[in-house]
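A.B. asks: The amino acid sequence is not available; the structure is as follows:
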């Protein structure tokens, strides 16, 4: 599979903006019938994403579940939130929304990856490292510079 990786890059250090963008990207993919895995940096961020997916839009409904155990992750739920991504086919998703600072194992198993990076210097550096690694895997890369009013 030839995957595509979209980098959404914010100028400022804006974790809440990054989470809101993750919700919007997840909603768009869900409405297109895709299966989505959202990878947060840690359990606290995953809980924040869980809350935000219920409240980020009054007109939106995105069925989702926090998944902490594998292989018993609920594959019937179209959106799964996690802070650890299992290797191999344990997770089936068309889109990986990556809010973590880690590169997923076997990234080519996803048709699409959305990397969300804010302007924090360390997170930006780690994002550049992931960009280079994806390029080394010959995945298709695209960068989107985000501002406060931008929509994906």
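C.D. replies: Done, it's in. Fair warning: this is a prediction, and the values are worked out from it, not measured in the lab.
A.B. asks: Secondary structure class of the spatially most central residue of the chain, three-state.
C.D. replies: A centroid search over the chain (C-alpha atoms, centre = their mean) returns residue 97, at 1.3 Å, as the residue closest to the centre. Put simply, residue 97 is strand when judged by DSSP: H, G, I helix; E, B strand; the rest coil.
A.B. asks: hey, what's it bridged with?
C.D. replies: Under the criterion DSSP bridges, residue 97 forms beta bridges with residue 38, residue 114.
A.B. asks: got the contact list for it?
C.D. replies: 22, 25, 26, 36, 37, 38, 39, 113, 114, 116 (C-beta atoms under 8 Å, 6 or more residues apart in numbering). C-beta: built from backbone N, CA, C; applies to glycine.
A.B. asks: Ranking by neighbours, what's the top pick from those?
C.D. replies: residue 38 (31 neighbours; other C-beta atoms under 10 Å).
A.B. asks: I'd assumed residue 80 was in contact with that residue.
C.D. replies: Yes. Under the criterion of C-beta atoms under 8 Å, residue 38 makes contact with residue 80 at 7.1 Å.
A.B. asks: in the chain, which spans are helices?
C.D. replies: 15-31, 43-55, 121-136 (DSSP state H).
A.B. asks: Save the ones you listed as JSON lines, and put in distance to residue 101 and mean pLDDT too.
C.D. replies: Shown next, in JSON lines, are the helices of the chain (distance: least, C-beta to C-beta, whole Å; pLDDT from 0 to 100):
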{"stretch": "helix 15-31", "distance to residue 101": "11", "mean pLDDT": "92"}
{"stretch": "helix 43-55", "distance to residue 101": "11", "mean pLDDT": "91"}
{"stretch": "helix 121-136", "distance to residue 101": "5", "mean pLDDT": "95"}
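A.B. asks: Same list, the ones you listed, but as JSON lines with distance to residue 5 please.
C.D. replies: Formatted as JSON lines, the helices of the chain follow (distance: least, C-beta to C-beta, whole Å):
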{"stretch": "helix 15-31", "distance to residue 5": "13"}
{"stretch": "helix 43-55", "distance to residue 5": "20"}
{"stretch": "helix 121-136", "distance to residue 5": "5"}
